[in-house]
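*Asks:* no sequence on hand, only this structure:
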């Protein structure tokens, strides 16, 4: 029974590691943002709120990953109560940032937060998150943020 809990926990942590790996990559390389192409310049302007929302979700995701890693025991398991608290904190942070937002980024962020909230309510939150649509929703969020001009790896 322990083995079945470790595998989803490890898989979920691997997904979260990907999230943190691209956090503020521009700052580390010293490279500034690339000049917009002609096609991008003619596209509809992206609301600054979308960029801020992407950054908030990315930061909340990095914090979630770090907190799960810190709560992980030597055997690879993470106490469900700790995961529930960590997931709830992520959900609260994202929902506060979403107040009044209505865009593709907001829709994608709302879907991720809803999925994490559902996992937090489960008896086995890590297993529930690993078996959910979290990976697909994360891909959609990453794409929405990229379209808004912000690179994240959620």
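*Replies:* Cool, got the structure. All values derive from a computational prediction rather than experimental measurement.
*Asks:* so how far is residue 71 from residue 89?
*Replies:* 12 Å (CB to CB, to the nearest Å). For glycine as for every other residue, the C-beta is placed from the backbone atoms N, C-alpha and C.
*Asks:* do the same with residue 62
*Replies:* 15 Å.
*Asks:* who's more crowded, these two?
*Replies:* residue 62 (20 against 15; other CB atoms under 10 Å).
*Asks:* which secondary structure element contains that one?
*Replies:* helix 48-71 (DSSP states H and E).
*Asks:* what comes up buried for that helix?
*Replies:* Within helix 48-71, the residues that count as buried by 16 or more other CB atoms under 10 Å are 49-50, 53-62, 64-65, 67-68.
*Asks:* just stretch 119-133 next, same as before
*Replies:* Quick answer for stretch 119-133 (16+ other CB under 10 Å): 119-120, 122, 124-130, 132.
*Asks:* average pLDDT for it?
*Replies:* Averaged across stretch 119-133, pLDDT comes to 92.
*Asks:* compute the first-to-last residue distance for it.
*Replies:* Across stretch 119-133, the terminal residues are separated by 11 Å (CA to CA, to the nearest Å).
*Asks:* and the helices in the chain?
*Replies:* Taking DSSP state H to define them, one finds helices in the chain at 2-21, 25-29, 38-42, 48-71, 80-97, 104-120, 125-130, 134-147.
*Asks:* and the helix holding residue 62, what other elements does it pack with?
*Replies:* With contacts defined as 3 or more CB pairs under 8 Å, 6 or more residues apart in numbering; DSSP states H and E, helix 48-71 has these neighbours: helix 2-21, helix 80-97, helix 104-120, helix 134-147.
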